[in-house]
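> I would like to see how this sequence folds:
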Amino acid sequence: MNIFVLMKRTFDTEEKITISGGKINEDGAEFIINPYDEYAIEEAIQVRDAHGGEITVISIGNEETEKQLRTALAMGADKAVLINTEDDIKNGDQFTTAKILAEYLKDKEADLILAGNVAIDGGSGQVGPRVAELLNIPYVTTITKLEIEGRNVTVVRDVEGDSEVIETSLPLLVTAQQGLNEPRYPSLPGIMKAKKKPLDELELDDLDLEEDDVEAKTKTIEIYLPPKKEAGKVLEGDIADQVKELVHLLHTEAKVV
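So this is what the prediction gives:
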């Protein structure tokens, strides 16, 4: 089975985000594999181990992204591809990412493509479905269970507190939700093996793409941190008086009623 995983490099979930010059400051920040993509990598490994085949992990970014790709290889993926866009793209969006990934995948005869449900930095959840649309293959999002029998696939997906069972077939793209599995930690032997596994680096020219082909369809106007939380107020007195005061504050200060 020909399996691909779409992986993104994101800020560490413990990292304190700062804004400098209207942009997120990356100086000295720690980066990790997007946590939802870890579920996708783990599921790819389990599918390969059960059905055979090969796993290729793909990421778009700069040379620093190689570290996260090596981690994916240490987890158990077979090979990795870095599409380095540092010198070509400064302000891409979900369209940009999906267009590049689909261009790479279009002739790879993928049986199964896995991605994270969302990236914890942007949270749009668009890239996976966009790639599937460009490749003209079925897709199922927010999956919590995946069963493959031959070319037939049964998927359980999360639907806001409930679940939905879908039957489909390969080729297929799915996006992983928390609960799909428990991602493994890279073992020491896995880390050593990862150093020898193939990691190819490509650029837009290698995909016969020009900057105009992947120009962003959206524009970020402003990036800012949420306002600091102010101290709460404690209402005192009779319950009736407290209710009147609460309604007054919600109307005049919170402006929610």
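> thinking residue 76 is in contact with residue 184, fair?
Yes - judged on Cβ atoms under 8 Å, residue 76 makes contact with residue 184 at a distance of 7.3 Å. Yep, even glycine has a C-beta here, placed from its N, CA and C like the rest.
> which residues do those two both contact?
Contact criterion Cβ atoms under 8 Å, 6 or more residues apart in numbering; residues shared by residue 76 and residue 184: residue 45.
> Name the residue in the two with the higher neighbour count.
Neighbours were counted for residue 76 and for residue 184 using other Cβ atoms under 10 Å; residue 76 has more, 20 against 15.
> Identify the residue spatially nearest to the more buried one, adjacent ones excluded.
residue 45 (4.3 Å; Cβ to Cβ, 6 or more residues apart in numbering).
> again with residue 125
Of all residues beyond its chain neighbours, the one nearest residue 125 is residue 118 (4.4 Å), with distances taken as Cβ to Cβ, 6+ apart.
> ok, longest strand in the chain?
strand 139-149 (DSSP state E).
> That strand packs against which elements?
helix 35-51, helix 127-135, strand 152-159, strand 162-169, strand 172-176 (3 or more Cβ pairs under 8 Å, 6 or more residues apart in numbering; DSSP states H and E).
> need the helices for the chain, in chain order.
Ranges of helices in the chain, per DSSP state H, are 35-51, 66-75, 94-105, 127-135, 188-194, 239-249.
> of all those helices, which lies closest to residue 25?
Minimum separation from residue 25 across the helices of the chain (Cβ to Cβ) falls at helix 66-75, 19.2 Å.
> Model confidence at residue 56, what's the number?
pLDDT recorded at residue 56 is 98.
> Was I right to think it contacts residue 6?
No - taking contacts as Cβ under 8 Å, residue 56 lies outside contact range of residue 6: 10.2 Å.
> need the helices of the chain in CSV with mean neighbour count and mean pLDDT, can you?
Below are those laid out as CSV (neighbours: other Cβ atoms under 10 Å; pLDDT from 0 to 100):
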stretch, mean neighbour count, mean pLDDT
helix 35-51, 21, 97
helix 66-75, 22, 97
helix 94-105, 21, 96
helix 127-135, 21, 97
helix 188-194, 13, 96
helix 239-249, 12, 89
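> Could you pull up phi and psi at residue 92?
Per-residue torsions, residue 92: phi -90, psi 170 (degrees, to the nearest 10).
> domains for this structure, by residue range?
According to automatic domain parsing, the chain comprises the domains 2-214, 227-257.
> Please name the residues that touch residue 199.
Contacts of residue 199 by Cβ under 8 Å, 6+ apart are 66, 69, 70, 73, 79, 80, 81, 82.
> how about 7 Å then?
Contacts for residue 199 (Cβ atoms under 7 Å, 6 or more residues apart in numbering) come out as 66, 69, 80, 82.
> Mind listing the residues bridging to it?
residue 80 (DSSP bridges).
> Identify the residues contacting residue 120.
Residue 120 neighbours (Cβ under 7 Å, 6+ apart): 10, 13, 34, 35.
> again, but for residue 5
Counting by Cβ under 7 Å, 6+ apart, residue 5 touches 40, 41, 44, 55, 57, 77, 114.
> what do you get for residue 129?
Residue 129 sits next to 139, 141 when contact means Cβ under 7 Å, 6+ apart.
> Going by neighbour count, which residues in stretch 141-153 are buried?
For stretch 141-153, burial by neighbour count (16 or more other Cβ atoms under 10 Å) applies to 141, 142, 143, 144, 145, 146, 148, 153.
> nope, stretch 114-123 is what I meant
Across stretch 114-123, burial judged by 16+ other Cβ under 10 Å covers 114, 115, 116, 117, 118, 119, 120.
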